[in-house]
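Trainee: Here is a sequence together with a model predicted from it:
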Amino acid sequence: MPEKKSPRLSRRGHYRAGRLGVLTEPGFRVFFCGYATSLLGSAMATMALIFAVLRAGGTAADLGLVFSAAVVPQVLFMLGGGVLADRIGRRRVMLGTDAGRLLVQASLAVVLFAGRPPVWLFIAASALRATGDAFFGPALGGLPPDLVPEQRLADANALLSTVSSAASIAGPALAGLLIAVTSPAAVIAVDAGTFAVSLAALALLRVPPATPSASTPWRDLADGWAQFRAHTWLWVTTLQYALFNLITWAPYLLLGPILASQYLGGARAWGIIMSAYAAGSVLAGLAAAGRRPRRPMVVAVTASFGYAAPCLALALHAPLILVAAGAAVAGAGTTVFGVYEVTIMQHTVPRQMLSRTTAFQLTGAYALGSLGYAVIGPLAGVTGARTLLAVAAGYALLSSTAVLCVPAIRAVRWPGPATADAGPAPDPGPAGGGRAAPASAGSESAEAAST
């Protein structure tokens, strides 16, 4: 007689099939590998850019300008990126933007190897790279439905969020080691190389061609706006995150390192805090894979309460372990919110309009972030960093409470049977099985905009 599998082995197999089975989809697996490599390079480059600016004589105000330059182009060009992705195809847009970002990072590395560039050059490079991000983001939001069956969208989004968070842990650590033995220029050169890997992965993908549009780009944009505003839960959470990026996240990212230097021990402490944030996000991503909450947006908005934790801890001058714990809670909230919101959008927005709808959500969420980076420094000089962070925590709590009270948030249900309290979702079938058509309308992650 054949040997029976133990219950323990059966559960493990079910775990792999339900939560990690999305990696058996060939297209998603190829994209995942290239995207993960690119994310690691980007996480390394962020730290390298900070040290490059400081080594070139830049100040905290200069860093604020560099950060702002990474946001403004996304606000200006993301809507156009969404229209373009829906018109000519997401893969083509992503190929073009990766090629452009590779060129920008390679050029910046060459200039850094040659000497100390002026601050305006860092600002220009940051803006050019962010322009590529503006086109890549909406295309990415619409790509998963072309790569995986509808039943596995949540798992795909959870894994993409998890690898993003994992890269934000490993990237700074690797960057720190490379900077110590080489220079920021070398790290930025490595980032350029990771874009080449992503380009190769995208070139191997086979996705359905874009549906030819008989209307003008302006008409396409208007249709995307109509799709976005038709969903109360979507524009309400977008408004929440637009103000969140201004009032909560910009102060945290700009003032957190300053307070860490003042009373927690400096860069090492801030590195621990950011690693804790990423670790919370990774764990939440793994936990979210395979789960189908009955009211996904209620779960998502409830998770957003966690954003207040690190701001409040810093405002109270809490010890490092409490600030790091608060950051882990915020990281978990980031992932939970993002995974469920983007999945609901992909289930409900017509596939041919997904990138445009994503673009409206991301543009709205990013719009005020650049203003935050520009004004937080001077404002903190008047009110004090701790006061601003206390306000940041208060807004996070109040906004999440208000959004949770909106009936449209509570009305969103998971498409098909929900398994919120169960373990992994049942395996949707063999790899490469039939792909269900999308329903009618929804959103990409406002969380993504917040990070």
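Mentor: Everything's here; your move. Numbers count the residues shown, from 1 in each chain.

Trainee: use CA for all of it now, contacts and neighbours both
Mentor: OK.

Trainee: name the element residue 223 belongs to?
Mentor: helix 217-229 (DSSP states H and E).

Trainee: Same check on residue 210?
Mentor: Of the helices and strands defined by DSSP H and E, none includes residue 210.

Trainee: doesn't residue 87 make contact with it?
Mentor: Yes - Residue 210 is within contact range of residue 87, at 6.3 Å (criterion: C-alpha atoms under 8 Å).

Trainee: Please name the nearest non-neighbouring residue to residue 298.
Mentor: residue 410 (5.8 Å; C-alpha to C-alpha, 6 or more residues apart in numbering).

Trainee: swap in residue 29?
Mentor: With sequence-adjacent residues excluded and distances taken as C-alpha to C-alpha, 6+ apart, residue 29 is closest to residue 23, at 5.1 Å.

Trainee: Against residue 341, how distant is that neighbour?
Mentor: Separation of residue 23 from residue 341 (C-alpha to C-alpha, to the nearest Å) stands at 21 Å.

Trainee: And for residue 151?
Mentor: Taking C-alpha to C-alpha, one finds residue 151 at 15 Å from residue 341.

Trainee: ok, now residue 169?
Mentor: Distance of residue 169 to residue 341, given as C-alpha to C-alpha: 24 Å.

Trainee: cool, residue 361 as well?
Mentor: 11 Å.

Trainee: Settle it for me: which of those two has more neighbours?
Mentor: residue 361 (30 against 27; other C-alpha atoms under 10 Å).

Trainee: helix, strand or coil for residue 212?
Mentor: When classified by DSSP: H, G, I helix; E, B strand; the rest coil, residue 212 comes out as coil.

Trainee: Tell me which helix or strand the closest residue to it other than its chain neighbours sits in.
Mentor: Counting by C-alpha to C-alpha, 6+ apart, residue 212 lies nearest to residue 87, which is 6.5 Å off, once chain neighbours are set aside. Assigned by DSSP H and E, residue 87 belongs to helix 72-88.

Trainee: which helices and strands sit right next to the next helix or strand after that helix?
Mentor: Sequence order places helix 90-114 as the next helix or strand after helix 72-88, per DSSP H and E. If contacts are counted by 3 or more C-alpha pairs under 8 Å, 6 or more residues apart in numbering; DSSP states H and E, helix 90-114 sits against helix 72-88, helix 119-142, helix 184-204.

Trainee: Residue 23 contacts residue 147, correct?
Mentor: No - counting by C-alpha under 8 Å, residue 23 does not reach residue 147; the two are 10.5 Å apart.

Trainee: And the two? Which one has more around it.
Mentor: Applying other C-alpha under 10 Å to residue 23 and residue 147 shows that residue 147 carries more neighbours, namely 25 against 20.

Trainee: residue ranges with poor pLDDT in the stretch 201-350 of the chain?
Mentor: Within the stretch 201-350 of the chain, not a single segment meets pLDDT under 70.

Trainee: Would you map the helices across it?
Mentor: Secondary structure of the stretch 201-350 of the chain by DSSP state H, counting those that start in this stretch: the helices cover 217-229, 232-244, 250-259, 267-288, 296-303, 308-315, 320-348.

Trainee: contacting residues for residue 319?
Mentor: Residue 319 is in contact with residue 264, counting by C-alpha atoms under 8 Å, 6 or more residues apart in numbering.

Trainee: Give me the phi and psi for it.
Mentor: phi -70, psi 170 (degrees, to the nearest 10).

Trainee: Residue 380 versus that one, what's the distance?
Mentor: Distance from residue 319 to residue 380, by C-alpha to C-alpha: 21 Å.

Trainee: Ok, residue 358 next?
Mentor: From residue 358 over to residue 380 (counting by C-alpha to C-alpha), the distance is 33 Å.

Trainee: Compare these two and say which is more crowded by neighbours.
Mentor: residue 358 (32 against 16).

Trainee: Test for you: state the pLDDT assigned to the more buried one.
Mentor: Reported pLDDT at residue 358 in the predicted model: 87.

Trainee: any idea whether it is helix, strand or coil?
Mentor: helix.

Trainee: Adjust the sequence numbering to begin at 77 for everything that follows.
Mentor: Noted, 77 is the first residue going forward, which turns the last one into residue 434.

Trainee: thought it was touching residue 212?
Mentor: No - at 11.1 Å, residue 434 and residue 212 do not qualify as touching, with contact defined as C-alpha under 8 Å.

Trainee: on that earlier part again, could I get the helices and strands packed on helix 166-190 as TSV with distance to residue 353 and mean neighbour count?
Mentor: Below are those laid out as TSV (distance: least, C-alpha to C-alpha, whole Å; neighbours: other C-alpha atoms under 10 Å):
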stretch	distance to residue 353	mean neighbour count
helix 148-164	24	24
helix 195-218	22	23
helix 260-280	22	22
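
Trainee: Tell me which of those sits nearest to residue 368.
Mentor: helix 195-218 (19.7 Å; C-alpha to C-alpha).

Trainee: and the helix or strand just after the closest one, what's its mean pLDDT?
Mentor: The element immediately downstream of helix 195-218 (helix or strand, assigned by DSSP H and E) is helix 220-223. Mean pLDDT, computed over helix 220-223, is 88.
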